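Colleague: following is a predicted model, sequence given first.
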Amino acid sequence: MSLTDVYQRLVRADRDDQSRDEQREVAANGTRQILAQALQATGDQVVNAKTVLPWLFASLGVPGGLTGLLVPIRESGSMLPQAALTPWVERTRRRRYLWVLGAAGQALGAAGMALAAAALDGLPAGIVILAALAVFALSRALTSLAGKDVLGRTVPKGERGQINGVTTVLSGAVAITLGLGIRLLGGTDVNATVLVWLLAVAAAFWALAGLVYLGVREPDEEPATPEETAGWAGRAVALLRDDRTFRRFVTARTLLLVSALSPPFVVALAAAAGGGGLSGLGPFVIAQGVASLIGGKWFGRLADRSSRDLMTWGAGAASLLIGAFLLLLRIPSMPSAWWLYPLTYLLLALTHTAVRVARKTYVVDMAEGDERTEYVAVANTAMGVLLLVAGAVSGGLALLGAEIALVFLGLLGLLGVVVSRRLPEVSRR
């Protein structure tokens with residue numbers, strides 16, 4: 001079976017307008033990107049600021065205050081620098097090399113976390129791991145920016161969402177395996193030694209991903225000149241100010257944070273309810289993996305049909321799910337029901353998978369060339385700021401109770417439905 005046959009089994013599309021040579025080239029580039037992104041996604045299941053790293057901190061005796069910095073550093077660190085990195089990307093002819101550089105930085109960050117966890121504990125371990133996580137997140141900003149641009153250059157519309165979806169499915173299978181392995185190797189108490197080895201393996205996966213990505217072949221396009229890329233900050237502000245559609249997309253994406261920020265509060269409520277095994281790492285990692293495995297490829301195809309509609313339905317489903325969860329908690333016997341928390345986490349992770357695949361596909365499809373690079377960069381930089389704000393507000397409300405924070409996030413999601421619905425259609429259909 002040829003590489004083209006393998007790719008066309010994974011990714012369905014109307015290829016009547018492609019010659020055999022073009023089909024082979026797309027298949028080669030698409031397969032390499034699927035494999036590289038799958039390796040990266042595998043590493044992501046280990047360097048996970050919502051599940052694995054908090055348990056690592058607990059096993060090392062890191063103060064709880066530092067645990068609260070994990071998600072902001074991981075998420076905002078990978079978004080905030082992207083507008084500043086845009087001129088560099090646009091001046092680079094072969095942008096796959098920037099992705100490879102970012103993969104190397106992520107391998108370095110994961111290796112640094114492993115070394116810190118093996119040699120230190122307590123406050124020093126927490127500080128060094130956070131510093132390594134910052135290196136990791138900054139490197140991720142580069143792969144995120146360059147990767148979407150390379151995808152748009154080498155794979156036509158109608159196939160990009162499916163590539164994201166296939167990658168998500170593969171990462172889901174890895175997450176399930178990882179969660180089961182942690183439960184078997186670590187028992188009810190996940191120890192630091194197991195996680196150190198997992199971090200080391202994750203670092204090796206990023207190094208391998210970089211090697212695979214080197215094989216991607218981009219079209220020969222003239223890079224931008226230094227004069228054309230000057231004044232990135234002013235252009236970023238102008239883009240948000242003048243491009244109404246883009247501004248609406250950024251607003252919608254902010255409101256879609258309901259699916260990203262709500263799962264940790266479900267975990268907190270499970271721990272408060274004394275769920276025994278539910279306070280361990282394995283069940284939540286497995287739930288995340290099941291969501292990716294079930295939804296990845298399916299949502300990828302739906303995103304290629306209409307990424308706008310998938311964003312809209314994902315936000316609405318997350319808000320309704322939060323409402324149902326909070327209502328169930330009002331029933332006297334339900335807070336002690338062991339199945340309620342992992343099931344809710346699973347369904348929220350499933351909606352987040354839909355939203356994540358949809359927004360990635362939408363921003364790639366809404367522009368071409370260097371305009372796409374700017375859209376991705378400015379959207380992610382704006383999101384880095386807005387994520388800190390939304391995280392601070394929801395975190396502050398959580399001081400009054402995790403339920404209050406979930407109500408706030410559920411209302412955000414309902415607003416997201418309204419705004420997402422008003423976005424223009426950009427998919428191939």
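Modeller: Alright, I've got the coordinates.
Colleague: in this structure, which helix or strand is least confident?
Modeller: In the chain, the helix or strand scored least confidently by mean pLDDT, DSSP states H and E is helix 64-67, which has a mean of 68.
Colleague: the helix or strand following that one - what's its average pLDDT?
Modeller: Next in sequence after helix 64-67, counting helices and strands by DSSP states H and E, comes helix 70-77. For helix 70-77, mean pLDDT rounds to 81.
Colleague: next secondary structure element downstream of helix 70-77?
Modeller: Next element after helix 70-77 (DSSP H and E): helix 82-90.
Colleague: may I see the buried residues of the helix or strand just after that next one?
Modeller: Next helix or strand after helix 82-90 toward the C-terminus (DSSP H and E): helix 96-119. Of all the residues in helix 96-119, those buried under the rule 16 or more other CB atoms under 10 Å are 96, 98-100, 102-118. Any C-beta I mention is one placed from the backbone N, CA and C, and that applies to glycine too.
Colleague: after helix 96-119 comes which helix or strand?
Modeller: helix 122-154.
Colleague: quick one: buried residues of that following helix?
Modeller: By neighbour count with 16+ other CB under 10 Å, helix 122-154 contains the buried residues 125-126, 128-130, 132-154.
Colleague: can you give me the offset of it from its chain's centre?
Modeller: Distance of helix 122-154 from the chain centroid (CA atoms, centre = their mean, to the nearest Å) equals 11 Å.
Colleague: just the mean pLDDT for it, thanks.
Modeller: Confidence for helix 122-154, expressed as mean pLDDT, is 90.
Colleague: which SSE is the residue of the chain positioned farthest from its centre in?
Modeller: No residue in the chain sits farther from the centre than P332, which is 35.9 Å out by CA atoms, centre = their mean. Counting by DSSP H and E, no helix or strand carries P332.
Colleague: what are the phi and psi values at the nearest residue to T225 once chain neighbours are set aside?
Modeller: Counting by CB to CB, 6 or more residues apart in numbering, R91 is the residue found nearest to T225 once chain neighbours are left out, at 7.3 Å. Backbone torsions for R91, taken as degrees, to the nearest 10, come to phi -90, psi 0.
Colleague: R91 and E222 touch, don't they?
Modeller: No. Applying CB atoms under 8 Å, one finds R91 not in contact with E222, separated by 10.6 Å.
Colleague: who's more crowded, those two?
Modeller: R91 (14 against 6; other CB atoms under 10 Å).
Colleague: tell me who's in contact with that one.
Modeller: 223-226, 229 (CB atoms under 8 Å, 6 or more residues apart in numbering).
Colleague: touching, A398 and V407? I think so.
Modeller: No. With contact defined as CB under 8 Å, A398 does not count as touching V407 (11.0 Å).
Colleague: any idea how far L101 is from Y213?
Modeller: 10 Å (CB to CB, to the nearest Å).
Colleague: list the contacts of the closest residue to A137 other than its chain neighbours.
Modeller: In space, and not counting its chain neighbours, A137 is closest to G77: 2.9 Å by CB to CB, 6+ apart. Neighbouring residues of G77 by CB under 8 Å, 6+ apart: 133-134, 136-138, 140-141, 384.
Colleague: for the longest helix belonging to the chain, what is the average pLDDT?
Modeller: The residue-count maximum for a helix in the chain (DSSP state H) belongs to helix 282-329. If you average the pLDDT over helix 282-329, you get 85.
Colleague: distance from it to the middle of the chain?
Modeller: Using CA atoms, centre = their mean, the offset of helix 282-329 from its chain centre is 13 Å.
Colleague: tell me what that helix is packed against?
Modeller: Applying 3 or more CB pairs under 8 Å, 6 or more residues apart in numbering; DSSP states H and E, one finds that helix 282-329 contacts helix 20-46, helix 160-186, helix 258-261, helix 263-272, helix 340-365, helix 402-421.
Colleague: how about a cut-off of 7 Å?
Modeller: Applying 3 or more CB pairs under 7 Å, 6 or more residues apart in numbering; DSSP states H and E, we find helix 282-329 packed against helix 160-186, helix 258-261, helix 340-365, helix 402-421.
Colleague: out of those, nearest to P283?
Modeller: helix 340-365 (4.9 Å; CB to CB).
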